[in-house]
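Asker: Pasting a predicted model and its sequence here:
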Amino acid sequence: MKTALEWFARYGYWAVFFPVMLELVGIPFPSETILLAAGATASLHKLNVWAVLGLGVAGAVIGSSLGYGIGHYGGRALLDRLVRRGLVKQHHLERVQGFFDRHGGKTLVFARFVPGVRIPAFWLAGVSAMPIPRFMTWNVAGAVVWVVTITLLGYVFANSVGTIEQLLGRDAFIGAGGLLLVAIGTFEVRRRLRDRA
């Protein structure tokens, strides 16, 4: 916790925005850990939690939009080169493609909670030329769900940040994914009821 306080004391809110944005472009940063630590720091009144959430969401939306642009303009050839150079794993691309085939735009929400899949999901959305309005709808929804979930975990459980950080790689996707499925199910039921009415 001391390290997190020093990090945010030195770099302020930029220490939230830039790592989140850069990771989603494709530069490796521990953005989940940073959001978790920012939430914990905000609980100690060293950062404003609303500013952390706002900058986290902005960084997530901008970074994944740039990732979409990389995929759109670089195309499949760029992804193939990244796989050949060992910068991206083929099975991660296949996993994301499977998510897209089964869930469409919802993949852009789920993928944020899966390490190794988070970055190529947005590249593949660009490669597949997902329409920009549809992309942005799911992009913003995913950014809000991901940033709010991880930041508030840090905020609420500030005294247990080390434990949460260890669990993130394994269980965060399961927990957040479960909550997300409930939210999507509720939305779908309401939409169908409206359509019938």
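Answerer: That came through, no problem.
Asker: ok now do Met130, which residues does it touch?
Answerer: Neighbouring residues of Met130 by Cβ atoms under 8 Å, 6 or more residues apart in numbering: 68, 105. Where C-beta positions appear, they are placed from N, C-alpha and C, glycine not excepted.
Asker: And what about it, helix, strand or coil?
Answerer: coil (DSSP: H, G, I helix; E, B strand; the rest coil).
Asker: Over to it: give its phi and psi.
Answerer: Dihedral pair for Met130: phi -60, psi 130, per degrees, to the nearest 10.
Asker: tell me the pLDDT at it?
Answerer: Looking at Met130, its pLDDT is 85.
Asker: now do the one 5 residues further on
Answerer: At Phe135 the predicted local confidence, pLDDT, stands at 91.
Asker: Spit out the contact partners of it.
Answerer: Phe135 neighbours (Cβ under 8 Å, 6+ apart): 68, 105, 108, 125.
Asker: now, the most widely separated pair of the residues you listed?
Answerer: Tyr68 and Gly105 (12.0 Å; Cβ to Cβ).
Asker: quick one, which of those two is more surrounded?
Answerer: Set side by side, Tyr68 and Gly105 give different neighbour counts by other Cβ atoms under 10 Å, the larger being at Tyr68 (25 against 17).
Asker: pLDDT score assigned to the more buried one?
Answerer: Tyr68 is assigned a pLDDT of 91 by the prediction.
Asker: now Trp50
Answerer: Trp50 is given a pLDDT of 93.
Asker: Check Ile27 too.
Answerer: The predicted structure lists Ile27 with a pLDDT of 83.
Asker: give me the number of residues near it?
Answerer: Ile27 sits with 12 neighbouring residues when counted by other Cβ under 10 Å.
Asker: What of the one 10 residues further on?
Answerer: Per other Cβ under 10 Å, the neighbour tally for Ala37 reads 26.
Asker: Which of the helices or strands spans it?
Answerer: Element membership for Ala37 (DSSP states H and E) is helix 31-43.
Asker: model confidence over that helix, on average?
Answerer: For helix 31-43, the per-residue pLDDT averages 86.
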